[in-house]
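A.B. asks: Pasting the sequence and the predicted model now:
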Amino acid sequence: MRASAYPLIDADVAAALVLERTPVLGVERVVLADATGRVLAEDLVAQAPLPPFPSSAVDGYAVRAADAGKPLRVLGESAAGRPFEGRVTPGTAARILTGGVVPEGADSVVMVEDVQLSIHHVTVPRGLAAGSNFHKVGADLQPGDLILRAGTQLGAAEIGIAAATGRAEVPVHRRPGVALMSTGDELVEVGKTPGRGQIPDSNRWALLAALREAGADVRVLGIAPDEANALRGFVTEALARADALVTSGGVSVGTHDLVKPLLESLGTVHVGRVKLKPGKPFTFATLERGRVAFGLPGFPVSSLVTFEVFVRPALRKMQGFAQLQRPVLPVRLAYDAKPTAERTEYQRVTLRREGRELVAETTGSQSSSRLMSLAGAHALVRVPSGDQGLSAGSVVEAMILSLP
């Protein structure tokens, strides 16, 4: 064992430093079919009015309001995609279907349920107001209107409005390419029988799921060797095709913890230890060509908590998200949350609703090796360092992972 040369950095300072040093990736244009979940790189501005023509909101008759109460001669029909090419003149009307173009001369549409029909005429009710039952040109958007802001994640509605305004492609930020590996001779592939002193590599699969949920394109490298030269070749080859490296294990102070020295030789290590529980050995480095590296602890919960606090916001910045952090909501503690003297702690909790409040229950033992403390957790409660804990009944802020 050896003492760490890295100072303990406050968790908030470390998080700010990670974001400061993480670049936003470049822009590419993608077709709408590939845009789901991507982040808009430029403001989307209307270039034409929407709707582009006056369209009926109902099935009925297009008329002049001045002809209300009169029998009107029906000239023809305007259906969606098949507009009536004539003009509605005094004493006439045109049958119109939902979505049909309101013909020239008409200033109102009367629902079919509200008219009286004869063989060649239709009588509309009295008191008809101009502008009834149709969508006016530009009612939704006028040229120059802001449709979507840069930083918006594209979902069903956003892609729909892009299509409605004629965009076959949209500008989005690149997804980060992430190389993911685990380190440690104690690890074996999941499904193989562990030898004496070995365990299945669970972190890589948990982090793969977390990375994909955060929008990364992940290349899974496998288990790296606990030997300096072999590890260097392993990582150098992976970085040739990645924007970021995420490792699990090998960042503590043991003689086989080789990730920090390797990152020092490849770039600059900005964070080597943080005042965080769980997750003290978290490491962050910048490398050549704007790449970044995250060395996560080997304990399962430490690995996932440091991912939430440091890595996920950085990946979202790379993709141009306007909102980098998970939502934070007030919760009322149903347990006494004990502090750690010198480190901020993120405790795992489940949530339940009591009236308008969210009440937080501990998931049990908060050991960094106990993955069950995070499985099913709805939130992370931040407990400040010191000797003053948070008593049951206290209202605190919680990072929301999911809602019950």
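C.D. replies: Looks like it arrived, so ask away. Remember, it's a predicted structure, so these values are computed and weren't measured experimentally. Numbering: from 1, shown residues only.
A.B. asks: what bridges to the residue nearest the centre of the chain?
C.D. replies: Residue closest to the average C-alpha location in the chain (C-alpha atoms, centre = their mean): Gln153, at 6.2 Å. As for beta bridges, Gln153 partners with Val39 under DSSP bridges.
A.B. asks: likewise Thr123?
C.D. replies: Under DSSP bridges, the beta-bridge partners of Thr123 are Pro71, Gln116.
A.B. asks: how much space between it and Leu44?
C.D. replies: Noted for Thr123: a distance of 46 Å to Leu44, by C-beta to C-beta, to the nearest Å. All C-beta spots, glycine's among them, are computed from the backbone N, C-alpha and C.
A.B. asks: do Ala392 as well
C.D. replies: Per C-beta to C-beta, Ala392 is found 48 Å from Leu44.
A.B. asks: tell me the contacts of the residue nearest to Gly376 when sequence neighbours are not counted?
C.D. replies: Nearest non-adjacent residue to Gly376, counting by C-beta to C-beta, 6 or more residues apart in numbering: Thr350, 6.5 Å away. Thr350 makes contact with Ala360, Glu361, Thr363, Gly376, Ala377, His378, Ala379, Pro404, according to C-beta atoms under 8 Å, 6 or more residues apart in numbering.
A.B. asks: likewise Glu213?
C.D. replies: Per C-beta under 8 Å, 6+ apart, neighbours of Glu213: none.
A.B. asks: Now it: phi and psi?
C.D. replies: Glu213 adopts backbone torsions of phi -60, psi -30, taken as degrees, to the nearest 10.
A.B. asks: Over to Asn229?
C.D. replies: Asn229 adopts backbone torsions of phi -70, psi -40, taken as degrees, to the nearest 10.
A.B. asks: Report how many residues lie close to it.
C.D. replies: 9 (other C-beta atoms under 10 Å).
A.B. asks: returning to what we had before: pretty sure the residue nearest to the centre of the chain contacts Leu324?
C.D. replies: No. Look at Gln153 against Leu324 with C-beta atoms under 8 Å: they stay out of range, at 12.0 Å.
A.B. asks: Roughly how far does Glu113 sit from Val246?
C.D. replies: Per C-beta to C-beta, Glu113 is found 62 Å from Val246.
A.B. asks: Give me the more crowded residue out of the two.
C.D. replies: Neighbour totals were compared for Glu113 and Val246, and Val246 leads with 27 against 8 (other C-beta under 10 Å).
A.B. asks: pretty sure the more buried one contacts Arg204?
C.D. replies: No. At 9.5 Å, Val246 and Arg204 do not qualify as touching, with contact defined as C-beta under 8 Å.
A.B. asks: got any residues that touch both of these two?
C.D. replies: Common neighbours of Val246 and Arg204 are listed as Leu180, Met181 (criterion: C-beta under 8 Å, 6+ apart).
A.B. asks: From Gly191, how far out is Val311?
C.D. replies: Taken as C-beta to C-beta, the span from Val311 to Gly191 is 26 Å.
A.B. asks: which of these two has more neighbours?
C.D. replies: Val311 (27 against 6).
A.B. asks: give the contact list for the nearest residue to that one once chain neighbours are set aside.
C.D. replies: Counting by C-beta to C-beta, 6+ apart, Val311 lies nearest to Phe294, which is 5.0 Å off, once chain neighbours are set aside. By C-beta under 8 Å, 6+ apart, the contact list for Phe294 reads Ala244, Leu245, Val246, Thr247, Phe282, Thr283, Phe284, Thr306, Phe307, Phe310, Val311, Ala314.
A.B. asks: Bridging across strands, which residues link to Phe294?
C.D. replies: Beta-bridge pairing of Phe294, defined through DSSP bridges, involves Val246, Phe284.
A.B. asks: And the pLDDT for it?
C.D. replies: Looking at Phe294, its pLDDT is 97.
A.B. asks: Give me the distance between it and Arg149.
C.D. replies: Plainly put, Phe294 is 29 Å away from Arg149 if you go by C-beta to C-beta.
A.B. asks: picking that back up, quick one: mean pLDDT over the host helix or strand of the residue nearest to Gly376.
C.D. replies: Here Thr350 sits within strand 344-354, counting by DSSP states H and E. The pLDDT scores in strand 344-354 average 96.
A.B. asks: Now the element after it, going C-ward?
C.D. replies: That would be, after strand 344-354 and using DSSP H and E, strand 357-362.
A.B. asks: Can you name every helix or strand that that following strand contacts?
C.D. replies: strand 328-333, strand 344-354, strand 395-400 (3 or more C-beta pairs under 8 Å, 6 or more residues apart in numbering; DSSP states H and E).
A.B. asks: Out of those strands, flag the one nearest Ser118.
C.D. replies: When the helices and strands packed on strand 357-362 are compared by C-beta to C-beta, strand 344-354 sits nearest Ser118, at 60.4 Å.
A.B. asks: Run me through the strand neighbours of the closest one, direction for each.
C.D. replies: strand 273-277 (parallel), strand 357-362 (antiparallel), strand 379-383 (antiparallel).
A.B. asks: and the angle for the second one with strand 328-333?
C.D. replies: Right, the one you point to is strand 357-362. 70 degrees (axes from the mean of the first three to the mean of the last three C-alpha atoms, to 10 degrees).
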